[in-house]
Structure formats: C-alpha cells, structure tokens
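Student: dropping the sequence and predicted coords here.
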Amino acid sequence: MKNIYVFILMALVAHSKSTGQILKNESKSLGLVDRLDNYLSASASNGFNGAVLIAKGQEIILHKGYGWANRKNDIENNTETIFDICSVSKQFTGAAILKLEEEGKLKLTNPLHLYFEDLPSDKANITIHQLLTHTAGFSHGIGDGDFDHIPEAEYFNELFSTKLRFKPGEKYSYSNSGYSILGKIIEKVSGKTYESFLREKLFAPAGMKQTGYILPNWNLNNVANEYVYNVIDKGNHVDQYLEDGKIAWPLVANGGVNSTLHDMFKWHFALRNNKVLNEASMDKLTTPYVPEYEGESSYYAYGWTVYQSNRDTKVVTHNGFNGVSYFEFIWFPEEDALILFASNAYTRESARIPYELRKMLFDDGYTATPISENVVSGLLGYTETFSGKLEELTEGLREKFGENLDRPFYLNRLSGIYFREGEMNKAIVVSELNSTFFPNDGNVWDTLGDIYYAAGMNDKALKSYKKALELKPDEECDWCENSSAQIERIINPTKK
C-alpha cells in the first residue's frame, strides 16, 4: 500500500498563510480546488470557523483551516487543529463492538443480562444490535451535561430504572445513553477502559496519534477553542478532560472524542482498506438496518447513517453537535470520495457548508454562494461589547438591528444564550424587547416566562405564561405544554 505521507509530502502546495494547505495533483483539474477554496475563504469572511478535508481515493485534494482556533492567542485553524467530533464518535463504538465480535468475545445478539446484574425485566433481553441501531428504547441521555461525573454505579442504576420509550426493537429513537451502555460492555468484555481499547485496537493500527479523550500526548496549542455563535469563548473540552482526569459517563462512547482531520482521514483510510476490521465486519458496520426518521430514506447502521445519493450511490455518514462545535464525516465508498468538515463555532449558515461542498465535488458546473453573516452572531457580538447601561441596551439593539429582526427566532436565541450563561439581566432585556417586536407570538411569551421564572420573578412569569396560552395555536406545540406546566408549578409550588 502506498504510504499516504509520501503522497502528501510530494503533493504539498503551501498557501499564503500558515493556516493550512491545498494539495493538488497536476493530473487533475485545478478548477475544483480553486472553487472549493474560494467558497470556503469567502464563507470564513462571513463567520465560518473550522477546517475541511476533501479526498478522492488516497489523494487529498484540499485540506485547510479557516478562521480562528484561539483568538486570544492569535492561533488560526490549520491542518493539525484538534476539534471535538461530537457524535461522530459513535462510529468508533460500533467498530469496537465488531472488533470484539471478530475476536470471538461477544455476539451482536447477546442480551444485556449477560453483562449487567439485577436488570428490570423490560431491559434484560435488549440486544447489542438494538443498542447499536438505537432501537432499544432508552432515553436520549441522563445527567446534567457532558461533564456531570455521576458515579458509575449510580449512572447505570438510574439509566436502567428509567422507563423505556417503547418495546425494544419496535421503533427507532436516537439515544446517547444506549451508546454509553455499549461503552461499558466494551470495558467489561475487554478488561480495558473504553478509550484504552479504542487506542489499542482502532487508533494505533490506523496510525492515529491525536485522537481520543485524555490518553493522547496532546499538542494543546493545536486544540480549537469553542466560540458560541463565533463570539463567546468557551475554551475546549480537552482542557476539561485533562483537568477532570476522567470522562463522565453521560459522554463516554457516544460523543466527545477529539481528533484532527488528518487523523480522521487515516481512520477512513483504515476502514477503506480493512486495516482495523475485516470485510464481513465492514459490511455489518455500514449496512442500514432501521429508518432514522419516519418517512425519510436514510437508515441507521452501527454508528453511521446510510442512504443513497441522488446519483444512486451509497453514502455513509454521521454528524455531531455539542451545542457549539459541529462535525460531519461524509464517505462515498462507491465513488471513493470523502468530505470531512469541522467547525468550532456553529451557526445555521455554516452547517450548510458540507452540503455545498458535496454539490461542488460531484458537479463540475456548480459554484456555491458563500454563507451570509449570521444575525444572532451579530446581535451577540453587539451585546457583548455594549458599554452603556443595561437599560440602554434595548434602544441600542432596536436602533442597530431593528429592520433585520423580522423573525422572533433571533432575539429568542440571543436571550437563550444569556439564559444558559446565567446572565439573567441581559436575558430579560433581550426577551422583553422580543415581546414588543412580536406581541402576538406565544412562544416569545413562553420564553420570557421561563426567564422570569429562573430569575425568581414569579408574578411576571405567571403573566407571561398566561399570555402565551392566550396566543396558543390550534395545533399542538411544545411551548404550550411548558406554559401550562409552569403555571401549575407557580400556583402549586409544593405539588410534585
């Protein structure tokens, strides 16, 4: 097999900044590479922060970083930047299970009671296959976020005591907690920690040295910080992992692995060439088993979504999102092509970029329009740098953005950011402004009620929830249920 490093060394073409590289083969048309890079560079000017790797066969045709990895330290995203790959981590869990099957240490039909004692009867016969395909019926997740270090025994006791969403095998429901169970099975069967097993059986054979949670010898200068809507610096998860010295069970085996695009290309290369799994296991890994969404033509395999492209070719893919970082792995095995996309500053606009890259890759005549600036990013940037009195913020937002605030979504999202950041005064100011722009939108009043309630302003919260229900639409809505429940909670605070 040709060493991919030899190819990269021979094909390297440096661009004007040290943020990345474009790799070109003179036998190929340069038009595609130029169109891709021009689109991504223009999109970076409007807020795209991240990196892209596109390959055909063993040829990397573009690999480059855009925007910032760390603004404070003037570090740009580049070809060695380390990103959180989020739920794309699930494919490693699927591969690890199949590796154990290859070694004769488990079967996909094995039930949970072989690995966990004293299980409730409704969970005892759930199979590994059902966990892999999100058909076991477990809830999406438990615990208070990715860094809630619930003791292991407590985590699994709580998880196994929760009511299943449906009878195992009957339906599909995406479940992070189901994959955490798989992570524990991997540990019980292998006698190693989840990350140690991945490192030994998957990452090392693939040549991946900058992939994992806490075990790699991380180059910490290369880890991308996460930026909420491209503005608020949230640091990075690798630093948090190293500080904690362990990974919380709400995250183990379902997300949170960090990697470089270079390492993820090596992983693709190892799968493509059966370096980590044999052909039979690869078939199982990428065979679609159940509909991912009712009425849709995509299907879930083992840590992958699989469907047919508009060219009638197989697509093996998965994306991941942790609230700030976004990652996509899109593999076209029949066309021998790959798109890897990472962003450390998610916006709705940037999430569309992989779709445009795909269109350019397979349509020589297509040129994508760069993404536009995100309105919420502009609002957040303004409020974060606003130096006047808080009561003056309303007028400032109205004056600067009023004509662009044609949807309640923008200020709702901005108030939600400050709600989650614990900056309740800003959240109140923004949400109150939204209620003046959209006084007939029930969801706006429900959001304002939640913010008032969290701030301990129960009288105002009650009025807001009642206003929300006055504007209740004819069809069912999530916020309607929330307003009703919150009113009951305020009126009868001792009632469970």
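Tutor: Great, that's in hand.

Student: quick one: low-confidence parts of the stretch 101-250 of the chain?
Tutor: Low-confidence segments of the stretch 101-250 of the chain (pLDDT under 70): none present.

Student: for it, which segments count as helices?
Tutor: With helices called from DSSP state H, counting those that start in this stretch, the stretch 101-250 of the chain shows them at 128-132, 152-161, 176-190, 194-198, 204-206, 237-244.

Student: where does the stretch 351-496 of the chain have low pLDDT?
Tutor: Scanning the stretch 351-496 of the chain with the threshold set as pLDDT under 70 gives 495-496.

Student: change it to 90
Tutor: Within the stretch 351-496 of the chain, the segments meeting pLDDT under 90 span 365, 390-391, 402-404, 472-478, 493-496.

Student: to W218, which of the helices of the stretch 101-250 of the chain lies closest?
Tutor: Closest approach to W218 among the helices of the stretch 101-250 of the chain (CB to CB): helix 237-244, 5.8 Å. Placement of C-beta: from N, CA and C, glycine included.

Student: and that closest one, what does it pack onto?
Tutor: Applying 3 or more CB pairs under 8 Å, 6 or more residues apart in numbering; DSSP states H and E, one finds that helix 237-244 contacts no other helix or strand.

Student: mind giving me the packing neighbours of the next helix or strand after it?
Tutor: Sequence-wise, the next helix or strand downstream of helix 237-244 (DSSP states H and E) is strand 258-260. If contacts are counted by 3+ CB pairs under 8 Å, 6+ apart, strand 258-260 sits against strand 82-84.

Student: and the pLDDT at N3?
Tutor: On pLDDT, N3 comes in at 32.

Student: could the helices of the stretch 101-250 of the chain go into TSV alongside distance to L40 and mean neighbour count?
Tutor: Output for the helices of the stretch 101-250 of the chain, formatted as TSV (distance: least, CB to CB, whole Å; neighbours: other CB atoms under 10 Å):
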stretch	distance to L40	mean neighbour count
helix 128-132	34	23
helix 152-161	41	15
helix 176-190	31	23
helix 194-198	31	22
helix 204-206	26	16
helix 237-244	25	17
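
Student: relative to F265, which of those helices is closest?
Tutor: F265 lies closest to helix 204-206 among the helices of the stretch 101-250 of the chain, at 9.8 Å (CB to CB).

Student: L277: how many residues sit nearby?
Tutor: Neighbour count of L277, defined by other CB atoms under 10 Å: 23.

Student: do D118 as well
Tutor: For D118, the neighbour count with other CB under 10 Å is 8.

Student: which one of the helices of the stretch 101-250 of the chain lies closest to T305?
Tutor: Among the helices of the stretch 101-250 of the chain, helix 128-132 sits nearest to T305 (CB to CB), with 12.8 Å.

Student: report all helices and strands that the closest one contacts.
Tutor: Using 3+ CB pairs under 8 Å, 6+ apart, the elements in contact with helix 128-132 are helix 90-102, helix 176-190.

Student: need the residue closest to the centroid of this structure.
Tutor: Closest to where the C-alpha atoms of the chain average out (CA atoms, centre = their mean) is F321, at 1.5 Å.

Student: in TSV, list the helices and strands packed on helix 128-132 along with distance to T79.
Tutor: Listed next are the helices and strands packed on helix 128-132 as TSV, based on distance: least, CB to CB, whole Å:
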stretch	distance to T79
helix 90-102	22
helix 176-190	29
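
Student: and K400, that one's in a helix?
Tutor: Yes - membership of K400 in a helix is supported by DSSP: H, G, I helix; E, B strand; the rest coil.

Student: about what we covered before: of all the helices and strands packed on helix 128-132, which one is nearest F419?
Tutor: Nearest of the helices and strands packed on helix 128-132 (CB to CB): helix 176-190, 22.9 Å.

Student: now the angle between helix 90-102 and the closest one, please.
Tutor: For helix 176-190 against helix 90-102, the angle by axes from the mean of the first three to the mean of the last three CA atoms, to 10 degrees is 30 degrees.

Student: contacting residues around helix 176-190?
Tutor: With CB atoms under 8 Å, 6 or more residues apart in numbering as the contact definition, helix 176-190 has outside contacts at 87, 90, 93, 96-97, 100, 105-106, 112, 115, 128, 131-132, 134, 136, 138-142, 152, 155-156, 159, 193-194, 197, 249-255, 303.

Student: same question for stretch 488-496.
Tutor: Against stretch 488-496 from outside (CB under 8 Å, 6+ apart): 453, 458, 461-462, 465.

Student: again, only using 7 Å
Tutor: Applying CB atoms under 7 Å, 6 or more residues apart in numbering, the contact partners of stretch 488-496 are 458, 461-462.

Student: what of stretch 121-134?
Tutor: With CB under 7 Å, 6+ apart as the contact definition, stretch 121-134 has outside contacts at 94, 97, 106, 108-113, 136, 160, 164, 168-169, 172-175, 178, 181-182, 185, 289-290, 300, 302.

Student: gap between that stretch and the chain center?
Tutor: Computed by CA atoms, centre = their mean, to the nearest Å, the chain-centroid distance of stretch 121-134 equals 24 Å.

Student: one step back: among the helices and strands packed on helix 128-132, which comes closest to A427?
Tutor: Nearest to A427, of all these, is helix 176-190, at 27.3 Å by CB to CB.

Student: if we can go back for a sec, out of the contacts of stretch 121-134, which end up buried?
Tutor: Neighbour-count burial (16 or more other CB atoms under 10 Å) applied to the contacts of stretch 121-134 gives 94, 97, 106, 108, 110-112, 136, 160, 164, 168, 172-173, 175, 178, 181-182, 185, 289, 300, 302.

Student: picking that back up, type out the PyMOL command that picks the buried ones from the contacts of stretch 488-496.
Tutor: This is how PyMOL selects the buried members of those, with burial counted by 16+ other CB under 10 Å:
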select buried, resi 458+461+462
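
Student: just the contacts of stretch 488-496: which are in helices?
Tutor: Those of the contacts of stretch 488-496 mapping onto helices are 458, 461-462, per DSSP state H.

Student: between the residues you listed, which is nearest L261?
Tutor: Of all these, L261 sits closest to A461, with 45.7 Å by CB to CB.

Student: contacting residues for that closest one?
Tutor: A461 sits next to 449, 452-453, 490 when contact means CB under 7 Å, 6+ apart.
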